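Sharing a model prediction with you, sequence too.
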Amino acid sequence: MEIKNIKEFEKASKKLQKDTLKIALALLFLIGAALLALVFGQANSKGLLLIFAAVIGGYMAMNIGANDVSNNVGPAVGSKAISMGGAILIAGICEMLGAIIAGGEVVSTIKGRIVSPESINDAHVFINVMLASLLSGALWLHVATLIGAPVSTSHSVVGGIMGAGMAAAGMSAVNWHFLSGIVASWVVSPLMGALIAMFFLMLIKKTIAYKEDKKSAALKVVPYLVALMSLTFSWYLIVKVLKRLYALNFEIQLACGCILALLIFILFKRFVLKKAPQLENSHESINELFNIPLIFAAALLSFAHGANDVANAIGPLAAISQTLEDANSPMGNTLSSVPLWIMVVGAAGIALGLSLYGPKLIKTVGSEITELDKMQAFCIALSAVITVLLASQLGLPVSSTHIVVGAVFGVGFLRERLREQSRRRFARIRDNIVAAHFGEDLEEIEGFLERFDKANLKEKSLMLESLKKSKNTAIALELKKKEKKSLKKVYKEEVIKRSILKKIVTAWLVTVPVSALLGALLFAALGFIEKYF
C-alpha cells in the first residue's frame with residue numbers, strides 16, 4: 001500500500017512539474033510579446049496600453065493553437081499516420097510559415113463586418129471594444145480547451161466583438177445579417193463536412209475495401225484519390241492564401257490546380273507501383289498507402305490555417321496598434337497590412353499553444369470521438385478542403401472546426417450504420433443455421449449455436465464456410481460474399497461516443513452567446529477601471 005502511495009505521489013509530482021513548466025513557458029512568451037510591443041510598437045504616449053494589448057493578443061494566439069489547430073492534425077494522429085510529436089512539429093512550423101508569409105494582409109477591419117463602423121466613432125471606445133473582444137474570445141477558448149471541446153475561434157471573436165459592440169453602442173450597432181450567416185453555419189458546416197466525408201468513405205469501400213482483390217483495386221484507385229486531393233488542396237491554397245499575394249482569375253486557379261494534380265498523380269502512381277510488392281491483400285496493408293497523403297494534408301491545412309486564422313488573434317491587436325499610432329484613423333478602416341512584430345506574436349503564440357496544450361484536443365478529434373483508420377482520416381481531410389472550397393464559391397460563412405469535426409462524426413455515424421446492417425445480416429445468418437438444421441437433434445443445434453456465439457469473427461467465418469459445404473445446409477443456407485465480409489464488421493460498442501457529441505454540440509451553440517456576454521462584461525469592467533482607478 002505504501003509503495004502504491006509513493007508511486008501515486010511521484011506521478012502527481014511529475015504532472016505538477018510538467019504543468020509548472022508549461023505555465024512558465026507561456027509566461028515567458030507573454031513577456032516576450034510585451035517586449036516586442038515595447039521595442040517595435042509605435043504607440044506614442046499610450047505604450048502601456050499597446051503592451052497590454054500585445055499580451056492579450058499573445059494569449060489569444062496560444063488558445064487558438066491549443067484548440068483550433070487540433071482539427072488539422074487530429075485525424076492524421078488518430079489514424080496513426082503520424083505521431084503526436086511529429087504532428088505538433090509539422091503543424092507548428094507550417095502554422096508559423098502560413099501566418100508570417102501569407103497572413104499579413106488584412107483587407108478590412110475585423111470589426112467592420114460585425115458592428116457598424118459608424119456606430120463607434122471614439123478611438124478610446126474602439127480600443128476598449130477590441131480589448132474586450134480579444135480577451136473574451138481567449139477566455140472562452142481556454143475554457144473550451146479545458147473541457148475538451150473543439151470550437152470555432154472565429155465565432156469566439158465574433159461573439160466577443162458583438163457583445164462589446166452592443167455594450168458600447170447598443171443593439172443597432174450589430175450587423176445582424178452577418179450574424180445570421182454565422183448561426184446558419186452551425187448547421188451548414190458540420191452537415192456539409194459529414195455528407196462529403198461519408199460519400200468518399202463509401203466510394204473507397206465500394207472501390208477498394210469491399211473488393212475481393214483489395215490490392216489490385218487500391219493500386220488503381222488510390223492514385224486518382226490522391227490526385228483529387230492534390231487538386232482540391234492546391235486550389236484551396238490559391239483561393240484562401242495566394243490570392244492575397246497574386247490576383248488570379250478562376251480559369252487560372254483551376255488550370256494551376258489541374259497541372260499540379262496531374263504531376264502528383266504521375267509521381268504517386270510510380271510510388272504505389274514500387275510499393276506494390278510489399279503490399280498484402282488486406283485492409284491494414286492498403287491503409288499504408290494513405291500515410292504520405294495524410295502527412296501532406298496535415299501540413300497544408302496547418303499552413304492555410306496559419307494564414308487565415310492568425311487574424312483572429314492579431315486582427316484586433318493590429319487595429320489597436322494602428323488606432324494608437326494614427327489618431328486621424330481611429331477605427332482602423334484603412335488597415336491593409338500588419339506590422340511584422342505583431343505577425344510574430346500571432347504565429348509564435350499559435351505554435352506554442354499547440355505544443356503545450358494542443359495534444360488534448362488532438363486526441364479528442366483524432367480518437368475520442370470515434371476510432372479512425374487512414375482511409376477514414378483521408379476522407380475527412382478531403383471533405384474539409386472540398387467543403388471550404390464549395391462554401392467560398394457559394395459565399396457561405398463556414399467554420400473549419402465545424403467542418404472537420406462534422407466530417408469525423410459523419411464517418412463515425414456511417415460506420416455505425418454499416419455495422420448495424422452487419423448485425424442484422426448476422427442475425428439472418430444465424431436463423432439460416434437453425435433452418436439448415438431443421439429436423440436434426442435439438443441438442444446438436446444448440447451446441448453448434450453455442451460454439452458459434454462464443455467463436456471470434458475468424459472462427460465464425462470458418463464455421464459458416466464448413467457449414468455451407470455440408471449437405472445439410474443446401475436447403476436454406478445461402479451465404480453471399482457481402483454477408484461473409486460483414487461478419488468482420490460486427491462490434492457491440494458504440495462507434496460514436498454520444499457523450500462527446502453532446503458536449504461538442506453544446507459548446508458550439510453557446511460559443512457566440514458566451515463570448516458576447518464576456519465581451520460586454522469585460523468592456524464594462526474596462527470602463528469601470530478607467531473611471532475609478
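Done, it's in. Residues are numbered from 1 along each chain as shown.

residue ranges with poor pLDDT in the stretch 251-400 of the chain?
326-337, 395-397 (pLDDT under 70).

So which residues of it form helices?
Applying DSSP state H, counting those that start in this stretch to the stretch 251-400 of the chain gives helices spanning 283-287, 291-325, 340-363, 374-394, 400-436.

Confirm Ala149 sits in a helix?
No: with DSSP: H, G, I helix; E, B strand; the rest coil as the criterion, Ala149 is located in coil rather than a helix.

That one: neighbour count?
Around Ala149 there are 22 other residues, counting by other C-beta atoms under 10 Å. Any C-beta I mention is one placed from the backbone N, CA and C, and that applies to glycine too.

The one 10 residues further on now?
The local packing of Gly159 (other C-beta under 10 Å) involves 29 other residues.

Find the nearest non-adjacent residue to it, please.
Ser515 (2.8 Å; C-beta to C-beta, 6 or more residues apart in numbering).

who touches the one you found in this structure?
Neighbouring residues of Ser515 by C-beta atoms under 8 Å, 6 or more residues apart in numbering: Ser133, Ser136, Gly137, Trp140, His155, Ser156, Val157, Val158, Gly159, Gly160, Met162, Gly163.

Output the residues you listed as CSV; include the columns distance to Leu361, pLDDT and secondary structure.
Listed next are the contacts of Ser515 as CSV, based on distance: C-beta to C-beta, whole Å; pLDDT from 0 to 100; DSSP: H, G, I helix; E, B strand; the rest coil:
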residue, distance to Leu361, pLDDT, secondary structure
Ser133, 23, 91, helix
Ser136, 20, 95, helix
Gly137, 16, 93, helix
Trp140, 14, 96, helix
His155, 16, 89, helix
Ser156, 14, 91, helix
Val157, 18, 88, helix
Val158, 20, 87, helix
Gly159, 19, 91, helix
Gly160, 20, 92, helix
Met162, 25, 91, helix
Gly163, 25, 93, helix
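
Could you save those residues as JSON lines and add columns showing distance to Glu420?
Listed next are those as JSON lines, based on distance: C-beta to C-beta, whole Å:
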{"residue": "Ser133", "distance to Glu420": "45"}
{"residue": "Ser136", "distance to Glu420": "43"}
{"residue": "Gly137", "distance to Glu420": "40"}
{"residue": "Trp140", "distance to Glu420": "37"}
{"residue": "His155", "distance to Glu420": "34"}
{"residue": "Ser156", "distance to Glu420": "37"}
{"residue": "Val157", "distance to Glu420": "40"}
{"residue": "Val158", "distance to Glu420": "38"}
{"residue": "Gly159", "distance to Glu420": "38"}
{"residue": "Gly160", "distance to Glu420": "42"}
{"residue": "Met162", "distance to Glu420": "42"}
{"residue": "Gly163", "distance to Glu420": "44"}
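
any idea which of those residues is closest to Ile386?
Nearest to Ile386 among the contacts of Ser515: His155, at 21.5 Å, using C-beta to C-beta.

So that closest one sits against Val512, correct?
Yes: applying C-beta atoms under 8 Å, one finds His155 in contact with Val512, separated by 5.4 Å.

Give me the common contacts of those two.
Common neighbours of His155 and Val512, using C-beta under 8 Å, 6+ apart, are Ile182.

picking that back up, any chance of the helices of the stretch 251-400 of the chain in CSV, plus distance to Thr207?
Listed next are the helices of the stretch 251-400 of the chain as CSV, based on distance: least, C-beta to C-beta, whole Å:
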stretch, distance to Thr207
helix 283-287, 11
helix 291-325, 16
helix 340-363, 30
helix 374-394, 11
helix 400-436, 15
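
Please tabulate these in TSV, including the columns mean neighbour count and distance to Ala218.
Compiled in TSV, those are given as follows (neighbours: other C-beta atoms under 10 Å; distance: least, C-beta to C-beta, whole Å):
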stretch	mean neighbour count	distance to Ala218
helix 283-287	17	4
helix 291-325	25	13
helix 340-363	24	28
helix 374-394	24	10
helix 400-436	20	19
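
among those helices, which is nearest Pro190?
That would be helix 400-436 among those, by C-beta to C-beta, at 2.6 Å.

residue closest to the middle of the protein?
With distances taken as C-alpha atoms, centre = their mean, the residue of the chain nearest its centroid is Asn71 (1.8 Å).

Point me to the helix or strand that includes that one.
Assigned by DSSP states H and E, Asn71 falls within helix 70-78.

Mind exporting the C-alpha coordinates of that helix to PDB?
C-alpha atoms of helix 70-78 as PDB (Å, rounded to 0.1, in the frame of the first residue of the first chain):
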ATOM      1  CA  SER A  70      -6.200  20.100 -33.500                       C
ATOM      2  CA  ASN A  71      -8.600  19.900 -36.400                       C
ATOM      3  CA  ASN A  72      -5.800  20.000 -39.000                       C
ATOM      4  CA  VAL A  73      -3.800  17.100 -37.500                       C
ATOM      5  CA  GLY A  74      -6.200  15.200 -35.300                       C
ATOM      6  CA  PRO A  75      -7.400  12.700 -37.900                       C
ATOM      7  CA  ALA A  76      -3.800  12.000 -39.000                       C
ATOM      8  CA  VAL A  77      -2.700  11.400 -35.500                       C
ATOM      9  CA  GLY A  78      -5.800   9.300 -34.600                       C
END
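
and the next element down the chain from it?
Toward the C-terminus, helix 70-78 is succeeded by helix 84-102 as the next helix or strand (DSSP H and E).

Could I get the average pLDDT for that next one?
The pLDDT scores in helix 84-102 average 86.

Now do the buried residues in that helix.
87-88, 90-92, 94-102 (16 or more other C-beta atoms under 10 Å).

same question, stretch 257-266
In stretch 257-266, counting by 16+ other C-beta under 10 Å, buried: Gly257, Leu260, Ala261, Ile264, Phe265.

So, low pLDDT: which residues of the stretch 51-200 of the chain?
102-113, 117.

Would you confirm that Ser355 contacts Ile93?
No: at 10.8 Å, Ser355 and Ile93 do not qualify as touching, with contact defined as C-beta under 8 Å.

Overlap of the contact sets of the two?
Residues touching both Ser355 and Ile93 (C-beta under 8 Å, 6+ apart): there are none.

tally of neighbours for the closest residue to Ala524 other than its chain neighbours?
Take Ala524 and drop its neighbours on the chain: the residue closest to it by C-beta to C-beta, 6+ apart is Ala167, 6.0 Å away. By other C-beta under 10 Å, 22 other residues sit near Ala167.
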